[in-house]
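>>> My questions are about this predicted structure, shown below with the sequence.
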Amino acid sequence: MPAPVYRRILLKLSGEALMGAGAHGIDPDVLDRFAADVRELVGAGVQVGLVIGGGNLFRGAGLAARGMDRVTGDHMGMLATLMNALAMQDALERLGAPARVMSALSVERVCEDYVRRDAMRHLEKGRVVIFAAGTGNPFFTTDTAASLRAIEVGAELLIKATKVDGIYSADPMTDPGATFYPRISYGQALREGLKVMDTTAIVLCRDHGMPLRVMNINASGALLRLIRGEDIGSLVVS
Ligand code: UDP
């Protein structure tokens, strides 16, 4: 087996990925499958940071559209990401992979606060660090949190796991003529408004030279092949 080409990566999973075929919540089989994929990466010697969204449970903008204060809604959204993070920590540890949830909002009886130096130490010791509660601020997304944490902890690659094979000119689920882009620049992603990550997240990656890989999380073994150097999904670089 070829050695991994990355020492440290950050993987972003949307909350919706945890729903499986359901319309809401966490599918335990899907959770365990993702945890097994992550454990394989750790077993291959890669340090793994994880950011999980909260869209399977709650999104701030949803109730704000019905009159709720947006900041309150976003606080609830961030707590939703913490629930997903705790579920993933549990799944990883059941599989024997040590993991630590580190939250951008203090919930001190439940998990550690995010402190960069502590996060780096956990990663160096081979523990999966699950960064919860996004950036800790309303009006941001977990995509932006993923870019931020990837840059902060010096990850060599940010991987955005999606339901499709990478970046397309249009949504391949609805437009059969959509063109696949194996490699694009941040500028092109921004100019063409491609559905890669939100603008703040892409701009952060661009300004700090963080390469971004968009790939299909449901393709079996794909993460492991990627970290061993296979060209999988789409790459966004300068
Ligand atoms: N959120 C926030 N600040 C952040 C990250 C997330 O306020 O830094 C809130 C926001 O309400 C968002 C929700 O948490 O809708 C869930 O995150 P996101 O929508 O990014 O999850 P995903 O779409 O990846 O499942």
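Received the coordinates, thanks. Numbering: from 1, shown residues only.

>>> Thought Val153 was touching Met120, still the case?
Yes: at 5.9 Å, Met120 counts as touching Val153 under the criterion of CB atoms under 8 Å. Any C-beta I mention is one placed from the backbone N, CA and C, and that applies to glycine too.

>>> Report the contact partners of Val128.
Shown in contact with Val128 (CB atoms under 8 Å, 6 or more residues apart in numbering): Val38, Val42, Val48, Gly49, Leu50, Leu92, Ala97, Pro98, Ala99, Arg100.

>>> Relative to the ligand, how far out is the first one?
Translated: Val38. Here the distance between Val38 and the ligand works out to 17 Å (CB to the nearest ligand atom, to the nearest Å).

>>> and what of the fifth one?
Taking CB to the nearest ligand atom as the measure, Leu50 falls 12 Å from the ligand.

>>> pLDDT value on that residue, please?
Looking at Leu50, its pLDDT reads 98.

>>> quick one: it is in a helix?
No: if the criterion is DSSP: H, G, I helix; E, B strand; the rest coil, then Leu50 is strand and not within a helix.

>>> Next, the residue nearest to it when sequence neighbours are not counted: secondary structure please.
The spatial neighbour of Leu50 that comes closest, neighbours along the chain excluded (CB to CB, 6 or more residues apart in numbering), is Ile130 at 4.7 Å. Secondary structure, three-state DSSP: Ile130 is strand.

>>> Next, the contact list for Ile130, please.
Neighbours of Ile130 in contact, by CB under 8 Å, 6+ apart: Gly49, Leu50, Val51, Ile52, Ala85, Met88, Gln89, Ala99, Arg100, Val101, Met102.

>>> try Asp118
Taking CB under 8 Å, 6+ apart, we find Asp118 in contact with Met102, Glu112.

>>> average model confidence for the helix or strand harbouring it?
Taking DSSP states H and E as the criterion, Asp118 maps to helix 116-124. When pLDDT is averaged over helix 116-124, the result is 98.
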